[in-house]
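Peer 1: dropping a prediction and its sequence here:
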Amino acid sequence: GAVVSQHPSWVICKSGTSVKIECRSLDFQATTMFWYRQFPKQSLMLMATSNEGSKATYEQGVEKDKFLINHASLTLSTLTVTSAHPEDSSFYICSATGLPSGNTIYFGEGSWLTVV
Amino acid sequence: TQLLEQSPQFLSIQEGENLTVYCNSSSVFSSLQWYRQEPGEGPVLLVTVVTGGEVKKLKRLTFQFGDARKDSSLHITAAQPGDTGLYLCGRNQGGKLIFGQGTELSVKP
């Protein structure tokens, strides 16, 4: 079946640096990808919706200049956390829908980010 | 964004006990989904309920959609340690999922 892969699975970065997380659809065209953030023991919070070839739509309260999302191809979306701070430490997870999966949502494995 | 109120947020029970998780909203939904997530992994879809009053069963899990399509419940019979995890209700808006707060379930042997 369709698979969505995230990389890296975990990353540690220094405060003030930027880190990029990739979300790839392996065997389908992901016309839309979604990025979520999840703190320990909490639910998934939608950060943004990413459509291939257009600007991402951010949820209220999410800083678009801090969380840069690029969806330049039908198989890849990237989330870049810029000028990371310890409070950005979280589990980031993407999901994707597209062709031929239709309304089916496929989640990536998630990426643990720790900012020290 | 329409809020989904999920309760309880934490639940710790002994193996063999029954439990119910609730998902409520003031809005009417065309459908509602339930997911289960284990630490460090993506959520896994358990069921989608669409029709008001609908009841769906998945082994020991029973899902119900309220008649008015504003609320849903998940009932687990004879819980097992393998049921431990985070249970999420969510509304699917064209692939965009708005989740409730989640219920962290711990089933002790």
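Peer 2: Nice, I can see it.
Peer 1: quick one: residues contacting the nearest residue to A:Phe39 once chain neighbours are set aside.
Peer 2: Nearest residue to A:Phe39, sequence neighbours excluded (Cβ to Cβ, 6 or more residues apart in numbering or on different chains): A:Ser90, at 5.5 Å. Every C-beta, even on glycine, is put in place using the N, C-alpha and C of the backbone. A:Ser90 is in contact with A:Arg37, A:Gln38, A:Phe39, A:Leu113, counting by Cβ atoms under 8 Å, 6 or more residues apart in numbering or on different chains.
Peer 1: can you list the low-confidence ranges for chain B?
Peer 2: B:1-2 (pLDDT under 70).
Peer 1: how about the contacts made by the residue of it found nearest chain A?
Peer 2: Nearest to chain A, among the residues of chain B, is B:Gly42, at 3.1 Å (Cβ to the nearest Cβ). The contact partners of B:Gly42, taken as Cβ under 8 Å, 6+ apart, are A:Ile93, A:Ser95, A:Phe107, A:Gly108, A:Glu109, A:Gly110.
Peer 1: and if we set it to 7 Å?
Peer 2: Residues counted as contacts of B:Gly42 (Cβ atoms under 7 Å, 6 or more residues apart in numbering or on different chains) are A:Ile93, A:Phe107, A:Gly108, A:Glu109, A:Gly110.
Peer 1: of these, which belong to strands?
Peer 2: Residues of the contacts of B:Gly42 located in strands (DSSP state E): A:Ile93, A:Phe107.
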